[in-house]
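Student: After the sequence you'll find the predicted model.
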Amino acid sequence: MAIRIIIADDHSIFRSGLRALLEKEGDIEIVAETGNGFDAIRLVGENKIDVLLLDLTMPGLPGSKVAETVLEANPRLAIVVLTMHDDEYYLKELFKMGIRAFVLKKSTGSDLVQAIRKAHRGETYVDPSLAGKVLSSFYNPSGQSKARLDLLTPREQEVCTLLAYGHTNVEIAEKLCISERTVESHRTNITGKLDLKSRAELVRFAIENGLLKMES
């Protein structure tokens with residue numbers, strides 16, 4: 001089944017470009033689009049969708065409030081934030097709300113499509129240049145958790161980093177030139193050693209231990 005999407009962005013030309021880009025993908029369907037925050041909430045409530053593409057700055061209601069409102073009604077909804085800025089406060093708050101993906105508007109179309117598909121699968125996607133700001137709220141300056149990093153082998157640290165960035169077992173296997181079975185074994189070892197119960201906990205551990213860094 002196609003991934004059903006609503007686009008919420010106040011720039012009509014940008015929305016048109018997004019629609020043209022995404023409609024080329026066989027597994028994506030654009031259900032509706034809007035440039036107003038209140039309309040975005042209404043459209044999400046009126047339509048059965050999988051992903052909301054959400055700009056942070058819109059008239060009517062800012063993207064942060066739109067996200068908060070729709071997630072209260074539907075916590076499982078995947079939201080992909082589109083932004084031109086890297087405002088640390090908004091990014092931290094949205095991440096804690098449960099936003100699954102953050103994409104800069106200057107990113108490529110393939111990056112956006114990847115973010116949509118990952119968010120739809122319940123995975124995390126963070127534009128590499130935003131990673132430090134989005135996740136820095138989970139940094140632990142006391143360094144108490146740093147010692148836990150020693151529990152992981154160098155290879156497990158590599159796998160942990162890629163998992164935190166939202167990569168699948170298949171993608172990790174390809175990047176590290178190992179088998180999917182080996183990736184799964186590493187994944188099991190990581191979660192077992194660190195007593196991690198969810199991807200969110202894994203992401204937090206990766207940030208606290210400096211495994212996720214901003215790329216230049």
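Tutor: Yep, that arrived.

Student: Can you find the helix or strand in this structure with the smallest mean pLDDT?
Tutor: Across the helices and strands of the chain, the lowest-confidence element by mean pLDDT, DSSP states H and E is helix 131-135, at a mean of 59.

Student: After it, heading C-terminal, what element do we hit next?
Tutor: Using DSSP states H and E, the helix or strand that follows helix 131-135 towards the C-terminus is helix 154-164.

Student: Counting by contacts, list what that following helix packs against.
Tutor: Contacts defined by 3 or more CB pairs under 8 Å, 6 or more residues apart in numbering; DSSP states H and E place helix 154-164 against helix 169-176, helix 180-194, helix 199-208. C-beta: built from backbone N, CA, C; applies to glycine.

Student: Give me the domain ranges for the protein.
Tutor: For the chain, automatic domain parsing gives the domain ranges 3-132, 139-208.

Student: pretty sure residue 125 contacts residue 118?
Tutor: Yes - applying CB atoms under 8 Å as the test, residue 125 and residue 118 come out as touching, 4.4 Å apart.

Student: middle-most residue in this structure, spatially?
Tutor: Centre of the chain computed as the mean C-alpha position; nearest residue by CA atoms, centre = their mean is residue 101, 2.0 Å away.

Student: how far away is it from residue 124?
Tutor: 7 Å (CB to CB, to the nearest Å).

Student: rewinding a little: so what sits against both of residue 125 and residue 118?
Tutor: Contact with both residue 125 and residue 118 is made by residues 100-101, 166, according to CB atoms under 8 Å, 6 or more residues apart in numbering.
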